[in-house]
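# any chance you could fold what I've pasted below:
(2 chains)
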Amino acid sequence: MTAGAPTTVGAAGQGVAEAPQPQPVLRVSDLSAFYQTHYFGIVREVRAVDDISLHVLPNEIYGLAGESSCGKTTLIKTIAGAIQPPLNVVGGSVKFDFRGQSINVYESTPEERNAMRWQHLSYIMQGSMSVLNPVRRVRHSFVDFAFRHIGRSMPDFLDTVVGHLERLHLRADVLDAYPHELSGGMRQRVTIALATVCRPEFIIADEPTTALDVVVQKGVLAMIRGIQREIGSSLLFVTHDLSVHANLADRLGIMYAGHIVEEGPTAELFASPRHPYTVHLIGSLPRVGDAAPKKGLEGVPPNLADPPPGCRFHPRCPLAMGICSRETPVMEWAGPGRRVACFAAEKGITA
Amino acid sequence: MQSINVYIVKRLGQFFLVVFIGINIVFFVTHATPIDPVEHSIMAAAMFGSTSPEAINMLREALADLYGLKGSLWDQYWTFWKRIAVADFGPSVSSFPTPVSTLIGRAIPWTVGLLLTAVIISWVVGNILGGLAGYYRENRLLKAAGVVAMGLHPIPYYIIAFVLLIIFGYLWPVLPLGGGYQRNMTPGWNLPFIGSVITHGFLPALSLVLVGFGAWFMGMRALVSNIVTEDYVVYAELAGVDRNRILGSYVMRNALVPQITGLGMSLGAIFNGAIITEQVFGYPGVGTLLVSAVHAGDYSLVIGITTISIIGVAGAVLVIDLLYPLLDPRVKIG
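All right, here's what the predicted structure looks like:
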């Protein structure tokens, strides 16, 4: 079920010849996940993830960008199979392929998903300051999370963990510390060690450095990248901070109001953004020597419970045309490895 | 290690300060009451016949000495502390000349036995069920337990006690109505006597458990439903850690910290006795003793019981404080 070409429906022109590529580790097809609530007979639906397709290749860092409340965290929660009502998947599929061992997240049993977790798929969470159990020593977290996957005797296992900690420049005695005894940067590195100790094929990182100051952030990012290259995992990296993406991601997906609106190799995306939203995001980054005041984008992201018809960006879009408020643009190939969902971009108009 | 020593010394200091202030209040409040135990006893003695004024004066002297009421207020204060140091509260006024310490000593095993059992059972059952109910929110059996706990909790205690008495003592008379043990038995460590103590203690204990259980249950359930949304729990779930392990060492471990404090407070309050329980079931404990002491204006007995319960509450809080760093490592630095 994982063999063959991408099964994306929205991606028109998928037959376009491309260089033969390795099998993707993650393939998300037409995924929709809504927050559905029924109170007093009134049904409310927040369309936080709406018809999203993407894939991540082995050993690749895929960056997911977008402003707050555009559905980034919901998307990766859905990908990780970590959703709870009121969030429900209403369509599409999430498939992982871990070196021949494939799993369809929403057609598998909880036991199968639990067996996959941490050994193949791990997670670096938003707010890493508080992801460790405050009343137990760090050692217990490693034992609880990783021991059953590594399958060695306890002393051997702890040796492995210590060896792994050294890669992240952590001393063995952090294992005997309580989380509150570690500094923010150390705690962050412990979390990275925890997420990578089983050498998983796929790591999801949700704003892992947002709470850190810029200097520590740089070191931590370098460490994430180093360890990812070393164990050859794929990384799905989420942050609203485009400058982090510029340094880290191989490919970048831009999210707006529950849709991915543009996708492409990071360097190309920064050099020639197609979607007017991407143009604005990149234009808002400060540049050395550029003293001109930055222009903000008018308006606010739409209410996802009642999104505007057609393209969700059109009320704020400087290039909006008549068609934009009537029809929803689909993600279309726009050059090698690039996709964009915009009627204007299709016609070659850029902001 | 240094900080833990400082912590222990601080807590010990706090304990002694609380006990000192509490006992001072007991001393001054009892000395401010209009009841004069000496006159009270003389009146009781004079009822049995006419006594000469000289004899009464001698009696007054002797009684004042016995009750520690000789000399100025300052002298009395000193005597009071000297006596407390050796747990001597003088003779009881109402059951003269039995010493107060003997009366309390007789009542305490009953009260402590009953309340310790009831508090610990309701704490353990309430916390375990409450924790499970907060974590496995879809489980029907646990939902039903929640309804029972919520239903029982607001019922006034004495109503539950009377309903139990009516059901098990009258409608279906399988359990004794009152007392600590069967009246014609001699107390001792033999099976029939212990059996009798258990059957007599069963209803009072059950009534206390039914009432106490609800509070622990709901407290724990509320704590757990907060903790399950904490990042460290969500993260462990994402990692596929076994759910029972998450409940035990992530959720309950963290929820237990405030619950242990509550347990300490309830354990300290044991020495006050359960006044209503002991009255309803005619249980020979400290609560019954305290009520009769107040009715009889038994000054020395009230002082004795109050002092013991001050030390009991402060002691329980001290023990809990000393156990805290073992439960929550973050306490040490605070």
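# so what's the residue of the stretch 101-250 of chain A found nearest chain B up against?
With Cβ to the nearest Cβ, the shortest gap between the stretch 101-250 of chain A and chain B falls at A:Arg117, namely 3.3 Å. Using the backbone N, CA and C atoms, a C-beta is placed for each residue, glycine as well. Contact analysis of A:Arg117 by Cβ atoms under 8 Å, 6 or more residues apart in numbering or on different chains lists B:Leu238, B:Ala239, B:Gly240.
# and for A:Leu221?
By Cβ under 8 Å, 6+ apart, the contact list for A:Leu221 reads A:Thr209, A:Val244, A:Asn247, A:Leu248.
# return a PyMOL selection command for the buried portion of those residues.
PyMOL command restricting the contacts of A:Leu221 to the buried ones, with burial defined by 16 or more other Cβ atoms under 10 Å in any protein chain shown:
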select buried, chain A and resi 209+244+248
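# which of the contacts of A:Leu221 fall in helices?
Judged by DSSP state H, helices contain the following of the contacts of A:Leu221: A:Val244, A:Asn247, A:Leu248.
# return only those of these found close to chain B.
The subset of those within reach of chain B, by Cβ under 8 Å from any Cβ of the partner chain, is empty.
# and stretch B:214-234, which residues are buried?
Neighbour-count burial for stretch B:214-234 [16+ other Cβ under 10 Å]: B:214-221, B:223-225, B:227-228, B:230-234.
# and those near chain A, which?
B:Glu230, B:Asp231, B:Tyr232, B:Val234.
# pick the one among those residues closest to A:Tyr62.
B:Val234 (22.8 Å; Cβ to Cβ).
# what packs against the one helix or strand that closest one maps to?
Using DSSP states H and E, B:Val234 sits in helix B:231-238. Helices and strands touching helix B:231-238, as assessed by 3 or more Cβ pairs under 8 Å, 6 or more residues apart in numbering or on different chains; DSSP states H and E, are absent.
# and after it, which helix or strand comes next?
Sequence order places helix B:243-245 as the next helix or strand after helix B:231-238, per DSSP H and E.
# residues in contact with the helix or strand just after that next one?
As assigned by DSSP H and E, the chain's next helix or strand after helix B:243-245 is helix B:253-268. Residues from elsewhere that reach helix B:253-268, judged by Cβ under 8 Å, 6+ apart: A:133-136, B:116, B:119, B:123, B:127, B:131, B:212, B:216, B:219-220, B:223-224, B:227, B:230, B:309, B:312-317, B:319-320, B:323-324, B:327-328.
# which phi and psi does the closest residue to chain A within chain B have?
Proximity of chain B to chain A (Cβ to the nearest Cβ) peaks at B:Gly240, 3.3 Å away. Torsion angles at B:Gly240 (phi, psi; degrees, to the nearest 10) stand at phi 70, psi 30.
# that one reaches A:Trp118, doesn't it?
Yes - taking Cβ atoms under 8 Å as the definition, B:Gly240 is a contact partner of A:Trp118 at 5.9 Å.
# can you pull out the strands in the stretch 201-350 of chain A?
Applying DSSP state E, counting those that start in this stretch to the stretch 201-350 of chain A gives strands spanning A:202-206, A:234-238, A:251-256, A:259-265, A:332-333, A:339-340.
# let me fix that: the stretch 151-300 of chain B
Using DSSP E, counting those that start in this stretch, no strands are assigned anywhere in the stretch 151-300 of chain B.
# near chain A, which residues of it?
Selection of the stretch 151-300 of chain B residues close to chain A by Cβ under 8 Å from any Cβ yields B:230-232, B:234-241, B:245, B:249-250, B:253-254, B:257.
# buried ones among those residues?
With neighbours counted using 16+ other Cβ under 10 Å, these contain these buried positions: B:230-232, B:234-241, B:249-250, B:253-254, B:257.
# what's the most distant pair in the residues you listed?
In terms of Cβ to Cβ, those reach their longest pairwise distance at B:Gly240 and B:Val257, which sit 26.4 Å apart.
# report the central residue of chain B.
Residue closest to the average C-alpha location in chain B (Cα atoms, centre = their mean): B:Ile270, at 1.0 Å.
# give me the distance between that one and B:Asn226.
29 Å (Cβ to Cβ, to the nearest Å).
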